[in-house]
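Chemist: okay, predicted coordinates and the sequence, questions at the end:
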Amino acid sequence: MKIGIIGSGHIGGTLAKLWGRAGHQVALGNSRGPASLAPLVAEIGPQARAATVEEAVAFGEAVLVAIPYGKFETLPFARMSGKVVIDAMNYYPQRDGRIDFGGLTSSELVARHLPEGRLVKAFNTMYFETLATEGRPSAPPEDRLVLFVAGDDPEAKGVVVRLIHELGFAPLDTGSLRDGGRRQEPGSPIYNHPMKLAEAREHFGAR
């Protein structure tokens, strides 16, 4: 699969490495430009390429967004039309400033900017070092750590669920962008709390 990755920090960079190793093609873009990505691309190998943000979006069948939440309005939303967009962003007021969500979750607000909303909230609750080292592709789902998925488009969710499975984690559907998205935000019981399926199901049930 072709995956565009916007943001090359802890989460974006880690997932670029993991997806590259899994055989996917990745194009990375960030605010500093392609030249800044040369070391990371060299580490990943021929499965990766450096790009502008716009090029990475155009490249990807799916697009991961992993930038500071306060900068999400800089994204080229018009070019994301029809694509599966994976929201790995978290809102931190001390970093991002005060934002009036008008009763929406952080992911719902991002989805309002998409021409065709295929947004899935995922990869935002796990610490990057855990993500980098704890995938167990050969283990049964019950023995894997959980990655949570929220969204309103079942087909788009399915794409993200498959990507999570490939990396050796157990996907768990938390619901819609409103309900599940809120459950996945910083400060929730599951945020930065590694758990396996049995414990996760105590929070959400078997989805």
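Modeler: Yes, it's here.
Chemist: tally of neighbours for residue 32?
Modeler: Residues near residue 32, counting by other C-beta atoms under 10 Å, number 9. Heads up, the C-betas are built off the backbone N, CA and C, glycines and all.
Chemist: that one and residue 58, how far apart?
Modeler: Using C-beta to C-beta, to the nearest Å, residue 32 is found at 19 Å from residue 58.
Chemist: all strands of the chain, in order?
Modeler: Taking DSSP state E to define them, one finds strands in the chain at 2-6, 25-29, 48-51, 62-65, 84-87, 119-122, 146-151, 170-175.
Chemist: run through the neighbouring helices and strands of the last one.
Modeler: Right, the one you point to is strand 170-175. Strand 170-175 is packed against strand 146-151, helix 154-166, helix 179-183, helix 197-204, with contacts defined by 3 or more C-beta pairs under 8 Å, 6 or more residues apart in numbering; DSSP states H and E.
Chemist: for the chain, give me the ranges with low pLDDT.
Modeler: Residues of the chain meeting the criterion pLDDT under 70: 204-207.
Chemist: one step back: tell me which of the helices and strands packed on strand 170-175 sits nearest to residue 130.
Modeler: Proximity to residue 130 (C-beta to C-beta) singles out strand 146-151 among these, at 10.1 Å.
Chemist: tell me the contacts of the spatially most central residue of the chain?
Modeler: Taking C-alpha atoms, centre = their mean, the centroid of the chain lies closest to residue 88, which sits 3.5 Å from it. Residues in contact with residue 88 (C-beta atoms under 8 Å, 6 or more residues apart in numbering) are 7, 11-12, 15, 64-66, 122-124.
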